[in-house]
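> what would the 3D arrangement of this be:
(chains A and B)
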Number of protein chains: 2
Amino acid sequence: MKAEYINPFITATSEVFRTMLSIDPVRGQLYVKSSEKLPYDISGIIGMAGEASGFVIISMTETLALRVVEKFIGEKKDKIDDDVMDAVGEILNMIAGGAKQVFSRTGTRFKISIPNVVSGKDHVVGKQKNVKCLGMTFKVDDEVFVIEVALKEGA
Amino acid sequence: MKAEYINPFITATSEVFRTMLSIDPVRGQLYVKSSEKLPYDISGIIGMAGEASGFVIISMTETLALRVVEKFIGEKKDKIDDDVMDAVGEILNMIAGGAKQVFSRTGTRFKISIPNVVSGKDHVVGKQKNVKCLGMTFKVDDEVFVIEVALKEGA
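Got it, this is the predicted structure:
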C-alpha cells in the first residue's frame, strides 16, 4: 500500500463530518496498524475491489457514535441500536464514496461494497498480517475516532 | 438479493471445510438476517464489488474457531490471537474465491476485497436495514457457525 493512498480517505472524512454532521474533527496521528489492535465499541467496515482492493474502517466509542448519529439523523439515541448502526454505515459509505471519486480522477478505479457495522464492547477489527494498513486518529473534543485504510493495486 | 445467490457460498463453504480442514459441516437452517443479530466471538468479513456488490461473513464461537484453525495451520491454539485471526480471514477468502468462480461462469462478475476479522466476546455484525442478507447455519458436532451473504446486482 502506498502511504499517500490514505490521503483521499482523510480528506473525505473531514468533509463528510463537516458537511453532513457539522463537526470539524481535528486530525491527529498517522499510524501503521499493527497487531496491537485498539478496542472500540462500534466500527463500520467497507470493502473495495477493482483495479485496487482493500478496505476502510471507521471505529469509535459509543459516546462519540451517539453524538455523531444524533447530528446525522436529528434524533437523540441513548444506546447503539439499528438506527445508530445504519447511520455509521452510511457515514462510512459517504467517506468511501468521496475517496473513490478522488482515486478515479488519478486513474485508480475501484468499486465499493456494502458496509457492515460491528458493535460490541471492546471488539477489535483485525487484518491479516501480510496486509499493510494505515490509520489516522481524529479528535472531536475529548473523544477520538479512527479511520483505517488498506488498499493495494491489483486484485 | 436473489435467494439463490447464497448457494455458491454454501457450496464453497462445504468444499473449503472438507478439503482444507477435513471437517464435513452439516448444513442447517437458511435464514433471513434480521435486526436480531446473533453474538459470536470471531467473524470474518469480506466485501465484494463489481457488477454485483455485497459482502460475505463467517461467524463462529471461539471454541470452534480454535478447532478449525488447528486443522488449518496444524498448531494448537488456546485463545484467539493473530494466527487465528489470519486463518479465519484466509478460510473466508477461499470461500469467497470459490463462490466468485461460480458466479463468473453464470456471467455475474465481481471482485473480492481484503478480509477483516473481528474478535470480541459477543460482538454482533450488523448490516444496514435496507440491505437484504441471507444466512445459513452449519453444524460441526455440537458447535454452530454461520455464513451470511448480501449480494445485489448493480454497483
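> on the three-state scheme, the nearest residue to A:L30 once chain neighbours are set aside is what?
Excluding its sequence neighbours, the residue lying closest to A:L30 (Cβ to Cβ, 6 or more residues apart in numbering or on different chains) is A:M136, at 5.4 Å. In short, each C-beta sits where N, CA and C put it, glycine included. Three-state call for A:M136 (DSSP: H, G, I helix; E, B strand; the rest coil): strand.
> next one: A:M136, what pLDDT does it get?
For A:M136, the model assigns a pLDDT of 96.
> with A:S104 instead?
pLDDT, read off for A:S104, is 91.
> how many residues are close by it?
Look at A:S104: counted by other Cβ atoms under 10 Å in any protein chain shown, it has 13 neighbours.
> for A:R109, same thing?
11.
> need the per-residue pLDDT for it.
For A:R109, pLDDT reads 90.
> my guess is it contacts A:G50, does it?
Yes - A:R109 is within contact range of A:G50, at 5.3 Å (criterion: Cβ atoms under 8 Å).
> can you map out the helices along chain A?
For chain A, helices defined by DSSP state H occupy the ranges A:7-21, A:62-73, A:82-105.
> tell me the mean pLDDT over the first one?
Regarding helix A:7-21, the rounded mean pLDDT is 97.
> could you pull out the buried residues of that helix?
Counting neighbours by 16 or more other Cβ atoms under 10 Å in any protein chain shown, one finds that the buried residues in helix A:7-21 are A:7-10, A:12-14, A:16-17, A:21.
> now the longest one
If you call a residue buried by 16+ other Cβ under 10 Å, then helix A:82-105 has these buried ones: A:84-96, A:98-100, A:103.
> near chain B, from those?
Filtering the buried residues of helix A:82-105 for proximity to chain B by Cβ under 8 Å from any Cβ of the partner chain leaves A:85-86, A:89-90.
> in CSV, list these along with pLDDT.
Output for these, formatted as CSV (pLDDT from 0 to 100):
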residue, pLDDT
A:M85, 94
A:D86, 94
A:G89, 96
A:E90, 97
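> helix or strand with the lowest mean pLDDT in chain A?
Sorting the helices and strands of chain A by mean pLDDT, DSSP states H and E puts strand A:116-127 at the bottom, at a mean of 91.
> who are the packing partners of that strand?
Strand A:116-127 is packed against strand A:40-50, strand A:52-60, helix A:82-105, strand B:40-50, helix B:82-105, strand B:116-127, with contacts defined by 3 or more Cβ pairs under 8 Å, 6 or more residues apart in numbering or on different chains; DSSP states H and E.
> please point out which parts of the last one sit buried.
It stands for strand B:116-127. Residues of strand B:116-127 classed as buried: B:116-120, B:123-127 (neighbour count, 16+ other Cβ under 10 Å).
> okay, among these, which ones form the most distant pair?
Greatest spatial distance in the buried residues of strand B:116-127: B:S119 and B:K127, 19.1 Å, computed using Cβ to Cβ.
> tell me the bridge partners for the residue of chain A found nearest chain B.
The minimum distance from chain A to chain B, using Cβ to the nearest Cβ, falls at A:G47 (1.7 Å). Beta bridges link A:G47 to A:F55 when assigned by DSSP bridges.
> touching, it and A:K111? I think so.
No - look at A:G47 against A:K111 with Cβ under 8 Å: they stay out of range, at 9.4 Å.
> between the two, tell me which one has more neighbours.
Set side by side, A:G47 and A:K111 show more neighbours around A:G47, with 33 against 23, by other Cβ under 10 Å.
> just to revisit the earlier point, how about the helices and strands packed on strand A:116-127 in JSON lines, adding distance to B:A150?
Putting the helices and strands packed on strand A:116-127 into JSON lines (distance: least, Cβ to Cβ, whole Å) gives the following:
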{"stretch": "strand A:40-50", "distance to B:A150": "12"}
{"stretch": "strand A:52-60", "distance to B:A150": "16"}
{"stretch": "helix A:82-105", "distance to B:A150": "12"}
{"stretch": "strand B:40-50", "distance to B:A150": "9"}
{"stretch": "helix B:82-105", "distance to B:A150": "13"}
{"stretch": "strand B:116-127", "distance to B:A150": "6"}
